[in-house]
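Peer 1: For reference, the sequence and a predicted model appear below.
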Amino acid sequence: MKKSIFVVRHGHANFTASKDFERVLTLDGIKAVNKTAAFINQICLDLGISIDYCLTSAAHRTKQTAEIICFKNSINQCISDLDLYSTVASKWVDKISELPNKNIVLVGHNPTLSQLINNLCGYDGYMQPADCAFITIEIKPDGIIYPAQLKQYYQNES
């Protein structure tokens, strides 16, 4: 099955929360995520696709980021997963492989998401807040076929 995946790093968050897990987006972070949501929407319009599913870390800032993207792109199904809060890239690969959905948004943290894109497509970059990588990947019953194709990279300048 061929999948289109938008990998999004959460928007810029404050550093005032008592726990990292509880950090929330700043106003600039919210503005940047809105721009990222518009980028995703434009790709979907250009390709004539709609997003089936959003998977996010359970941290507050990633859930906020996912909510904005889902609202702006009419995504009805969004699941937060505590296992994706502090994890490794291979955990994201496992989740992608398990999902039956074809068009997916993933929202998470660095350095894991940068490692994920590097592992899947060989992109040697570091995702900044609200950046988005649009990739396509072919998944066979016996696993993912590498490399995935990095179709576009949106570097949010906000």
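Peer 2: Arrived safely. Keep in mind that this is a model prediction, so the values were computed, not measured.

Peer 1: Just give me how far the longest strand seen in the chain sits from the chain centre.
Peer 2: Assignment by DSSP state E gives strand 143-154 as the longest strand of the chain. Counting by C-alpha atoms, centre = their mean, to the nearest Å, strand 143-154 is centred 13 Å from the centre of its parent chain.

Peer 1: Report the strands that pair with it, each with its relative direction.
Peer 2: Within its sheet, strand 143-154 is paired with strand 132-140 (antiparallel), according to DSSP bridges.

Peer 1: Go ahead and measure how far the partner strand is from the middle of the chain.
Peer 2: Worked out by C-alpha atoms, centre = their mean, strand 132-140 lies 11 Å from the chain centre.

Peer 1: pLDDT on it, on average?
Peer 2: Strand 132-140 shows a mean pLDDT of 93 in the predicted model.

Peer 1: Now do the buried residues in it.
Peer 2: 132, 133, 134, 135, 137, 139 (16 or more other C-beta atoms under 10 Å). C-beta here means a position set from N, CA and C on the backbone, and glycine is covered the same way.
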